[in-house]
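K.L.:
Provided below are the primary sequence and the corresponding predicted coordinates.
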Amino acid sequence: MKLIFFINFFILSLFAQEIKNLKHITEYQILNQTINYKDTYYTILRSFKMENKSFYLIVDDNSLETSIMNKEKLFDVFKINSSYKSRYSKLLKRYTKPPYSLQNYGLKHISSKNIYLTIDMCPSSKIGYEDKFFKDLSVYEKTVPITIFISGKWIEKHKESFLELIDMQKNGLLDITWGNHTYNHPFKAKEKLENNFLLTPNTNVEDEILRTEQLLLSYGITPSILFRFPGLISDEKSVKIIKKLGLIPVASDSWIAKGEKLKQGSIVLLHGNKNEHRGIDLINLSLKTLNFSIGSIQKDIQP
Ligand SMILES: [Zn+2]
C-alpha cells in the first residue's frame, strides 16, 4: 500500500514538474508573408515571443508542414509578393471559397485510395480519453498518421491524457498532426444551429483559435494549418476569419457514429474524448475487416 502511494506520488510530482515547464508565450500576432528561405517557399503565419526570444510560426508552402523558426534566422530573407501561387495558397483559396454552408463546410474528401482519421477532442467532463484506440494504432508496422483536433478546454481538464498523447508522438508511435478545435468550443444543447457553436452571439472566433495555438506552443507543440469548426457549424463570417488566419477547415464525409459509410478518400470523424464511443467501436471494426490504408491529409490533399 505504502509503495503504491509512493509510486503515485512520484508519478504525480514528475507530472507537476512537466506542467511547470510550460513555455511562456507573449506578443502573439497574425502575419501573412510569403518568403523564400534556402530555396523553399514558406508563409509566415504568426510572430510571438517564447521565453522572451522572438519566433515565427511558418508553413512550408509545398509540404504544408508547419514549424517554429527563430526570427533572427529570417532576418534577410527574400520576400515574395502575394501574387505567387503555391500549393498552400491554392488550397487555402479552394477550401475557404463560397458557397458557404451552415453545416460541414470545408474539406470533406480526398481523391485517393486512403482514408484519413481525424479525432476531435471537444471539452468533456469524462475522465481520461480513448487511450486504447490510440495505443492500438501505435502497434501498426508503419507509424499511423492521425489528425487530432484539440480544444483548449480539453487540454486544461485532461493534462495527463494530453501529455500521454504528446509522448506517443515524441516516441514515434503515432504521427500526429495537431489541428485546432477552438479554446472553449461553445455549445448549447437546445440552441438552434444558427446561434450555436462558433455562431453563438458574442463569440470571439479569432481569440478562440489563437488561444489554443498559444496553449499548444506553450507545451512545445507546433500547431498545423488544419482547423475543425466545432459541431461542423460555420457561416461566411467565421470562414473569412479562418482564411485570414491561414487555416484550412476540415469537414467530413464519414462521421461514422452517425451512420455515414467509410469509403476510399473519406475524412473520418471520430471523438477521442469518450463522448462518442460508438464511433471508436465502428472504426476499430472497419480497420480490422476492410483493409483500408490510412493516409495523411497534408500529404494527399490536392488544390
Ligand atoms: Zn467538437
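P.N.:
That came in fine, so what should we check first?
K.L.:
what sits closest to Leu216 if chain neighbours are left out?
P.N.:
Pro223 (4.9 Å; Cβ to Cβ, 6 or more residues apart in numbering). To be clear about C-beta, it is placed using only N, CA and C from the backbone, and glycine gets the same treatment.
K.L.:
so that neighbour makes contact with Ile68?
P.N.:
No: Pro223 lies out of contact with Ile68 (Cβ atoms under 8 Å); the separation is 9.8 Å.
K.L.:
just to revisit the earlier point, tell me which element the residue nearest to Leu216 falls in.
P.N.:
Pro223 belongs to no helix or strand when assigned by DSSP states H and E.
K.L.:
let me see the contact set for it.
P.N.:
57, 66, 178-180, 212-213, 216-217 (Cβ atoms under 8 Å, 6 or more residues apart in numbering).
K.L.:
and if we set it to 6 Å?
P.N.:
Pro223 sits next to 178, 213, 216 when contact means Cβ atoms under 6 Å, 6 or more residues apart in numbering.
K.L.:
do the same with Leu217
P.N.:
Ile25.
K.L.:
that one - that's part of a strand, no?
P.N.:
No: the assignment for Leu217 (DSSP: H, G, I helix; E, B strand; the rest coil) gives helix, which keeps it out of a strand.
K.L.:
distance of it relative to Pro303?
P.N.:
Note on Leu217: its distance to Pro303, by Cβ to Cβ, to the nearest Å, is 28 Å.
K.L.:
about what we covered before: of the contacts of Pro223, closest to Arg278?
P.N.:
Nearest to Arg278 among these: Trp178, at 25.0 Å, using Cβ to Cβ.
K.L.:
what's the nearest residue to Gln214 if we skip its chain neighbours?
P.N.:
Ile25 (4.6 Å).
K.L.:
could you verify my assumption that that neighbour touches Ser218?
P.N.:
Yes: counting by Cβ atoms under 6 Å, Ser218 is a contact partner of Ile25 at 5.4 Å.
K.L.:
and the two? Which one has more around it.
P.N.:
When neighbours are counted by other Cβ atoms under 10 Å, Ile25 comes out ahead of the other of Ile25 and Ser218, with 18 against 15.
K.L.:
what are the bridge partners for the more buried one, then?
P.N.:
On the basis of DSSP bridges, Ile25 is bridged to Met50.
K.L.:
and it, what is it in contact with?
P.N.:
48, 50, 214, 217-218.
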